[in-house]
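Test case, fold it:
(chains A and B)
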Amino acid sequence: MKIDPITLEVIRNQMIASSRDIRRTIERAAYSPILYEVVDFSCGILDGEANLIAETPGLPIFLANLGYAVKSTYDTIGRENLNPGDVILCNDPYNGGGTHCPDLVVLCPAFYEGEIRGWAAFRGHIVDMGGIYPGGWYSNTTEVFQEGFRLPPVKLVVEGKPNEDVFRLIRANTRVPDAVLGDIRAMIAAVRKASQRFCEIIDNYGLGVTLGAIQEILDQGEIMARAAIRRIPNGTYSAEALLDGDGNDDEPLDERVWVRLAVIVKDEEMTIDFTGTDGQCRGPMNVPEPSTISSARYGFKIITTPALPSNEGFFRPLKIIIPEGSLLKPQFPAACAMWPVPTTTIPDLILKALAPAMPDRVRAGHFGDSMANFIYGTDPRTGRYYVCAEGDAGGYGGKPDDDGEPALFSMDLGDTYNVPVEVAEVRYPWRVERFELHQDSGGPGKYRGGLGVLRDYRIIGHKAGLTVTTDRVKYTPPWGLFGGKDGKPSITVVYRNDGKEERWRKISNLPLDQNDVVSFQTGGGGGYGSPLEREPRLVLKDVINEYVSMAKVREDYGVVIDENEMKIDLDATKGLRNKMRESQERT
Amino acid sequence: MYRLSTDVGGTFTDGVLLDETTGKIEVSKVSSTPKNPAIGTIQSMERFEIPLNEVSFLVHGTTVVINALIEGKGAKTALITTKGFRDVLEIGRSNRTEMYNALYKKPTPLVPRYLILEIKERMGANGEVLIPLEISDLTQIIEHLRKEEVESIAVCLLNSYANPKHEEEIGRLLNDQYPEVTVSLSHNITRRYYEYERTSTTVQNAYVMPVVQGYLRSLEEEITERRFQSVLQVMQSNGGIMTSAVAREIPISMVESGPVAGAIGGAQLASMIGYKNVITYDMGGTTAKASIIRGGLPETTDQYLIEGRPILLPVVDMREIGAGGGSIAWIDEAGALHVGPQSAGAEPGPACYMRGGVEPTVTDANLQLAILDPEYFLGGKMEISPQLGREAIQKVADYFDLSLDETALGIIKIVNTNMSGLLQSMTVKRGYDPREFAVVAFGGAGPIHAAAIAKELSIPTVIVPPSPGVFSAWGMLMADLRHDFGQTYIKPMGDTDVESINGIFRELEVRVKDLFERENIPDESMVVSYEIDLRYCGQEHTLSVPAPSKLADADREALGKSFDALHLKVYGHNAPEESKEIVSLKVMSIAKVRKPVLETIARGSEAPVPEARLGERKVYVGNGRYQEFSIYHRDKLLSGNTFSGPALIEEATATTVVEADQTCSVDQYGDLIITLNQEGL
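Got it, this is the predicted structure:
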């Protein structure tokens, strides 16, 4: 059925509005900071065949695999066994979840005249779903069985009535049942509302028109994507990154892990091929296939149609090749708690690969890790057990005409918010001693990489545990582009109360004593273009603003500043830069 | 005596004059003078040709604050903060609002890093002093800032919401040793937690303070010269007014000065004619704005963003979308039709304005459909070209192979559903049913679209006030003095001591009374209300429930119950068995301004007088059908006139549409009351 352009636009806008409603409800009614502050979730409206029709900005890396959850529900429960009023829950990485155990997917079918015509879907991270240590995110598990309580698609609500058995199972399997069940209640309310909206749209415009409009919305997405691919020169563009691997720093499991990809552009189609990527890990760095697909789609969206909201149609001209049994398509029961580590780097690598083809639309590498960290213990003020799950922001790479952005959450995250210091000090038994930009962390360049942050927590009056899983430290720091230099990588430093200092990339369940200070020190972005081409005036400005220390000005930028006058010595700068260029050419 | 209001907008400065003895209203419209907005303001007053010593009440709404923020033309500002937390502004909340944009740019701080200075001190979250203030550090800071020729200073220390002692000390010393700069202390502006948002608010206040002080000074000089003897009142974002003396200290609270006045006008108008719950709907050239009035008061929200920078102060919750008369219809690469958010603005304006615009706009579409009369545009004062409008629409019509009329109607349908979506999300978000509201429509384009939008949402009534084009300025005349204060106070509800809550309520009252005292408002004119923000333990966001001024132990249960009920209404679920937590305490105080008695219009019979009837016009209504719309001249309509749609009511600054299944009647003040006929519901 051909839909008139006016009705089409009206239905499109209403679909987007319904997915926004999900976000609003969750944000305001959720219990866990990871949902309401950190916005570690995504919402989407799908059609009956599991195609994404509309999305709400949230966590981009979650989006493209909402359809997988719907398909798993059909396979596991059976489409014919679903009824109006049902709400489905799943989190099994290998059946319906597609990420790791603490990510819950809640789905509500939209029935119309006895048939499933659409789905309202939500995927969000909760603070704990059981597993070997609190938080569900580890560096050293070797089987998915250690990582938490797994649910294949199950009916959380049966024809409008809560399935108390499932609620009891969840309550019994999480360390923080009140918060988790509170979050689940908010999720149920949100998807129900959106599914109802979906039916109202059909009521208003008729079934045939609505279904026709959905098809057209997807077709138009495809047209936009094809037009955008056509603007990229044909060719094969590749990039690779050597990841630090998994296991705790003091007991490594897989020490060096290659992620390799090629982006093949042919007229109006694109292939992202992960051939050459290492085999699956012994530890938890494996990425379940649906999440690999998401991260490739995310990168694809960034380089093709960044200003448009997503739907399934955009991805029709994209082919994704993932080798069986690799890190990016592991076999059950491979551990996968740390899946976001490779998927944070994948979209960054796609930008890097395409840099020669579209230099004015990419930036240098970002700090490259979500800096996921978990601190947990019993709050001495209340006697209650707490689990804090957070990420930390870092620097983004220099841009074709501007410096990189400081202190943003990593690429796998999106419209994610940090927990304010004043909120953290009310909620957790800590004192925040410092939260500031990380001087000199940005990679030098014509356009400098953005700065990372330093965030220090002092543990007050109790013993706690810490898990961090930072990557892109040892082998692949945030890369520069076109002569720009690398940014400084991230690290977590623990200043013990006896004056000792420990530096960690990955560690699970590290005991912390009272008065220990945990310092998250995130990396900066890479530079864009040679630092010898940076305008000296901008270098001076960086020194005045203390983004760059005086000590780095000569060696990194070849700029000479008169420290008494705080003025640039232009002649000396010219001479020094010439000398540096010559010595670069020699080597 | 008279009451006078002036509302400075981007294009026009509007004035409304009310004669207190007769209740008669006059309006004026002059071009704004962006370089010195005071000139336009004075001109709008002079149009009325009355001596200003006969004006007893003068209210002013201005864009001076928002312009300084948007154009980056504020003062050279410094920030003093707690050691270790220098980068609160630049780190912000670290979110990316455009998730697929590789080249995303964060809002840049208004203070460069070298002007952000740390001082050694630290408060705990409970207000306990962890590190005493090293006040001697301030001498060096002052020296540095003097050398940099800073004009304004913001002070925002960590956890100062819980204990402002250190900020106060710094403020005293700055006043003493550095009197030539303006100083903004965070706790004087807001005592809510969230350091980024509070710092951002304080810095924006400091940034605009010298600009606003200069502007108000020159405006006051001008009006004093013209023998004005009363007190200049300024419109605030929260929907109340304040004296210019208070505005000089908290200028950031007037950032939404103009737009919120429409909401206040809507609230006042609705209560005058017996409606408690209304949606105000203000559509102009580039945007449409809506707000919700419940129980006679506009709904407010505690935080909003200007240029991506948060302001943590109560503001009338006004949502805006890019849908106005100038919104452009365009076709994307995949062949889909969209309308807005780009606008042809005032220049070049819609294609039919003959100022070089070639893109089809909403106004061009209304002209094509014959909703607008080319011969009577702006009351016949402006010449427009239907031909140019037609040519612009033709491009879109050709692309889709639709008729010109069908295309024009499509443009209107899209823009209408975008707006009904806005209204729906505002009501539904709060758990309200839009059918329990009436719409008050104004702005140049509001009355054209309101009837269709109301119909789509099954809203039974639309109210169009006289002179809808200057309704915001009218609203200012109706505003009351208002001051709000909130204090973050986090305690589990079960073990709070009601006396300490009452203590904070009293403290907040003192702050409010202090402001009113400076505004010469006696205590007995104040109406104070109290609210407590609650949540279930573990949640972050809160809902506000009304509280008694003096809380007793027994009130706890009732508060808990009203919170449970509200949570169910707003979010569709609740958990009454769970423990609850108090997050903040709020005091809202209003000093009512005596409301003027408005002039009523002459009473007529049910049928309008023949002179009111200007004939008929064929308007395209879809599916190849044209309908005869009766045309009425608004100035000739009398109280009690009632006629059914389809009809168009024309006046100098607006056209009102009444759809086929709607009836329009005129009330005693000349308001058009459009109701949906039974069969339409």
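
Get me the contact residues on the stretch 501-650 of chain B for chain A.
Residues of the stretch 501-650 of chain B lying close to chain A by Cβ under 8 Å from any Cβ of the partner chain are B:536-541, B:567, B:570-573, B:575, B:578. To be clear about C-beta, it is placed using only N, CA and C from the backbone, and glycine gets the same treatment.

Return the set of buried residues in stretch B:342-351.
Neighbour-count burial for stretch B:342-351 flags B:342-345, B:349-351 (criterion: 16 or more other Cβ atoms under 10 Å in any protein chain shown).

Just put those residues in CSV and tack on secondary structure and distance to residue B:528.
Output for these, formatted as CSV (DSSP: H, G, I helix; E, B strand; the rest coil; distance: Cβ to Cβ, whole Å):
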residue, secondary structure, distance to residue B:528
B:342, strand, 45
B:343, strand, 42
B:344, coil, 47
B:345, coil, 43
B:349, coil, 47
B:350, coil, 48
B:351, helix, 53
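
Run me through the strand neighbours of the strand or helix carrying residue B:29, direction for each.
Applying DSSP states H and E as the criterion places residue B:29 in strand B:25-31. Taking DSSP bridges as the criterion, strand B:25-31 forms sheet pairs with strand B:12-19 (antiparallel).

where does the spatially most central residue of chain B fall, phi/psi-wise?
Nearest to the mean C-alpha position of chain B, by Cα atoms, centre = their mean, lies residue B:260 at 2.9 Å. Main-chain dihedrals, residue B:260, degrees, to the nearest 10: phi -70, psi -20.

Return the residues of the stretch 251-400 of chain B in contact with chain A.
Proximity of the stretch 251-400 of chain B to chain A, by Cβ under 8 Å from any Cβ, involves residues B:332-339, B:400.

now do 7 Å
By Cβ under 7 Å from any Cβ of the partner chain, the part of the stretch 251-400 of chain B that sits against chain A consists of B:333-338, B:400.

top of those residues by neighbour count?
Using other Cβ atoms under 10 Å in any protein chain shown as the neighbour criterion, residue B:337 leads these with 21 neighbours.

give me the number of residues near the closest residue in space to that residue that isn't next to it in sequence?
Leaving aside its sequence neighbours, residue B:337 sits nearest to residue A:5 (Cβ to Cβ, 6 or more residues apart in numbering or on different chains; 4.1 Å). Residues contacting residue A:5 under the criterion other Cβ under 10 Å number 21.

Could you write out the alpha-carbon coordinates of stretch A:279-289 in CSV?
Extracted in CSV, the C-alpha atoms of stretch A:279-289 (Å, rounded to 0.1, in the frame of the first residue of the first chain):
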residue,chain,number,x,y,z
GLY,A,279,39.6,-16.5,18.5
GLN,A,280,37.4,-16.5,21.5
CYS,A,281,39.1,-15.7,24.9
ARG,A,282,39.4,-18.0,27.9
GLY,A,283,38.3,-15.0,30.0
PRO,A,284,35.2,-12.7,29.8
MET,A,285,36.2,-10.4,26.9
ASN,A,286,34.0,-12.3,24.4
VAL,A,287,31.3,-10.4,22.6
PRO,A,288,28.0,-12.3,21.9
GLU,A,289,27.2,-12.0,18.2
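
what separates it from the chain centre, distance-wise?
Relative to the centre of its chain, stretch A:279-289 is centred 17 Å away, using Cα atoms, centre = their mean, to the nearest Å.

and if you look at stretch A:446-457?
Taking Cα atoms, centre = their mean, one finds stretch A:446-457 lying 18 Å from the centre of the chain it belongs to.

any idea how far residue B:582 lies from chain A?
Per Cβ to the nearest Cβ, to the nearest Å, residue B:582 is found 12 Å from chain A.

again, but for residue B:550
Per Cβ to the nearest Cβ, residue B:550 is found 26 Å from chain A.

wait, is residue A:294 part of a helix?
Yes - counting by DSSP: H, G, I helix; E, B strand; the rest coil, residue A:294 is located in a helix.

What lies in contact with stretch A:539-551?
The contact list for stretch A:539-551 (Cβ atoms under 7 Å, 6 or more residues apart in numbering or on different chains) reads A:439-440, A:442, A:448, A:451, A:553, A:557, A:559, A:561, A:563, A:566, A:568, B:112-114.

re the thing from before, pretty sure the residue nearest to residue B:337 contacts residue B:400?
Yes - assessed by Cβ atoms under 7 Å, residue A:5 is found in contact with residue B:400 at 5.4 Å.

And the helices in chain A?
Under the criterion DSSP state H, chain A carries helices at the ranges A:5-29, A:33-36, A:60-63, A:66-77, A:164-173, A:177-205, A:207-230, A:289-304, A:340-354, A:421-427, A:536-544, A:550-552, A:570-586.

shaky segments in chain A?
By pLDDT under 70, the weakly predicted segments of chain A are A:1, A:29-40, A:57-58, A:63-64.

Can you give me the domain assignment for it?
The record's domain parsing of chain A by automatic domain parsing lists A:5-221, A:363-532, A:535-586.

can you tell which of the ones you listed is closest to residue B:469?
Nearest to residue B:469 among the domains of chain A is domain A:5-221 (28.2 Å), distances taken as Cβ to Cβ.

State whether residue A:552 and residue A:440 are indeed in contact, as I suppose.
Yes - using Cβ under 7 Å, residue A:552 makes contact with residue A:440 at a distance of 5.6 Å.

residues contacting the most centrally placed residue in chain A?
For chain A, residue A:412 is the residue whose C-alpha lies nearest the centre (Cα atoms, centre = their mean; 1.8 Å). Applying Cβ under 7 Å, 6+ apart to residue A:412 gives the contacts A:61, A:340, A:343-344, A:370.
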